[in-house]
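K.L.:
would you be able to build a 3D model of this:
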Amino acid sequence: MGIIDKLFGKPLSSSPATPAVATPVADGLPPIISVNGLKEVASVQFGDDDIDLPVHLWGHFDKALCHPWLNEVILTSSRTAPPSLSQIRALFDELHACFGTDGHGDGPFDRKDLSQWEQFREVNRLYYFYGDNFTGVRYQKDHDFEPDDILNKPSISVTIKRDVSDPEMDCEVNLKYWDKIKERYLS
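P.N.:
Next up, the predicted model:
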């Protein structure tokens, strides 16, 4: 070792240092991504006609089918491929963060969704809002919903199929009474 090395404290070993921080262990779920979501949906002014959306919501949905006579908006895509699992995870995680457990007791994206994607080739989320100012999401594990809960109450339903032949049917986010949901939760 030379005099310069001794003065400036160079290490005795020339082997590379091992990192102090361990790399996180993967949980087997798709990576978390950041995408446009509910905030951007809330800023869109839906009218009487179908529209192309100014952004891809959750990285995938780029069209809105507007049905004012039913008081609903259906977000869908012009692509015949399904969203990636990371995009689906971003959607499900955001819905859970805003609204909690859905009408079937499902929370954020998890291994159950991966299993359904593989086995049944689709994933879903269903939220039915009720109560004063729509403060609750109806969840009754062992009881059926009343027809009024499904037909005449604000709701968000998501259906994403792995095999997309018609994006408007196989890959959609259906927002019933969106104006009321937006007013209550996203204003």
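
K.L.:
what about the strands in this protein?
P.N.:
Assigned by DSSP state E, the chain shows strands spanning 51-57, 61-67, 72-76, 122-130, 136-137, 155-161, 171-176.

K.L.:
list the contacts for residue 42?
P.N.:
182, 186-187 (Cβ atoms under 8 Å, 6 or more residues apart in numbering). Every C-beta, even on glycine, is put in place using the N, C-alpha and C of the backbone.

K.L.:
filter those down to the ones in helices?
P.N.:
Using DSSP state H to define helices, the subset of the contacts of residue 42 located there is residue 182.

K.L.:
least confident pick among the contacts of residue 42?
P.N.:
Within the set of the contacts of residue 42, pLDDT is lowest for residue 187 (70).

K.L.:
what is the neighbour count of it?
P.N.:
Residues lying near residue 187 (other Cβ atoms under 10 Å) number 6.

K.L.:
and for it, nearest residue in space, chain neighbours not counted?
P.N.:
Leaving out its chain neighbours, the residue that sits closest to residue 187 by Cβ to Cβ, 6 or more residues apart in numbering is residue 42, at 7.8 Å.

K.L.:
how close does the residue nearest the centre of the chain get to residue 105?
P.N.:
Nearest to the geometric centre of the chain sits residue 91, at 0.6 Å (Cα atoms, centre = their mean). Going from residue 91 to residue 105 by Cβ to Cβ, to the nearest Å gives 18 Å.

K.L.:
pLDDT score for the residue nearest to residue 187?
P.N.:
pLDDT at residue 42 comes out at 92.

K.L.:
repeat that for residue 181.
P.N.:
According to the model, residue 181 carries a pLDDT of 84.

K.L.:
give me the neighbour count for the closest residue to it other than its chain neighbours.
P.N.:
With Cβ to Cβ, 6+ apart as the criterion, residue 181 has its nearest non-adjacent residue at 4.8 Å, and that residue is residue 154. As a burial measure, residue 154 scores 22 neighbours (other Cβ under 10 Å).

K.L.:
contacting residues for residue 154?
P.N.:
128-129, 134, 176-178, 180-181, 184.

K.L.:
returning to that earlier point: ok, the residue lying closest to the residue nearest to the centre of the chain once chain neighbours are set aside - contacts?
P.N.:
Spatial nearest neighbour of residue 91, excluding adjacent residues (Cβ to Cβ, 6+ apart): residue 58 at 4.3 Å. Neighbour list for residue 58: 35-37, 83, 87-88, 90-91, 94 [criterion: Cβ under 8 Å, 6+ apart].

K.L.:
likewise residue 109?
P.N.:
Contacts of residue 109 by Cβ under 8 Å, 6+ apart are 29-30, 88-89, 92-93.

K.L.:
that concludes my questions; thank you for your assistance.
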